[in-house]
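Participant: after the sequence you'll find the predicted model.
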Amino acid sequence: MFTLLGSLGIDPPLLLAQVVNFSILLFLLWKFLYHPIMARIEADEALLERVEKQKADLEDEAARFAVAHAAKEAALRRQAESTIHDAEEIAHEIRDRARDEARAEKDAVIAQIRARLTNVSKDHAA
């Protein structure tokens with residue numbers, strides 16, 4: 001067999017040394033490089049999962065906040081519309097009352113003027 005390998009240009013003791021060296025290199029890489037890298041990848045994946053869960057939680061909270069905000073805004077809008085409607089009714093009542101008071105005052109002034117005119121015409125006639 002060695003002659004067959006030798007005829008192919010392969011030196012068996014050198015091949016054995018290369019296999020041993022490669023095995024040692026593979027063991028060292030596996031021990032000192034593969035495990036730390038895999039541990040780091042697993043830690044990063046765990047962190048990524050936590051961040052994605054936090055993101056989902058925050059998105060859910062934002063959606064709940066948006067719904068609550070919309071409900072509060074609608075309630076405040078209804079309250080504002082009700083307040084405006086009440087204020088408009090009060091303004092109409094005040095305007096009507098002021099118009100009635102002005103009309104009554106005008107009628108009273110006209111009555112006083114007519115009474116004076118009647119008195120003045122009686123005074124001039126006498």
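Facilitator: Noted; the coordinates are in hand.
Participant: separation between Phe27 and Lys122?
Facilitator: Going from Phe27 to Lys122 by C-beta to C-beta, to the nearest Å gives 138 Å. The C-beta positions use only the backbone N, C-alpha and C, and glycine is treated the same way.
Participant: next: Ala108.
Facilitator: 21 Å.
Participant: repeat that for Glu73.
Facilitator: Counting by C-beta to C-beta, the gap from Glu73 to Lys122 is 72 Å.
Participant: go on, Arg116?
Facilitator: From Arg116 to Lys122 the distance is 11 Å (C-beta to C-beta).
Participant: can you check which helix is longest in the chain?
Facilitator: helix 35-125 (DSSP state H).
Participant: tell me which strands and helices it is in contact with?
Facilitator: If you count contacts as 3 or more C-beta pairs under 8 Å, 6 or more residues apart in numbering; DSSP states H and E, helix 35-125 packs onto no helix or strand.
Participant: distance from it to the middle of the chain?
Facilitator: In terms of C-alpha atoms, centre = their mean, to the nearest Å, the centre of helix 35-125 is found 23 Å from the chain centre.
Participant: stretch 18-25 too?
Facilitator: Averaging C-alpha positions (C-alpha atoms, centre = their mean) puts stretch 18-25 60 Å from its chain's average.
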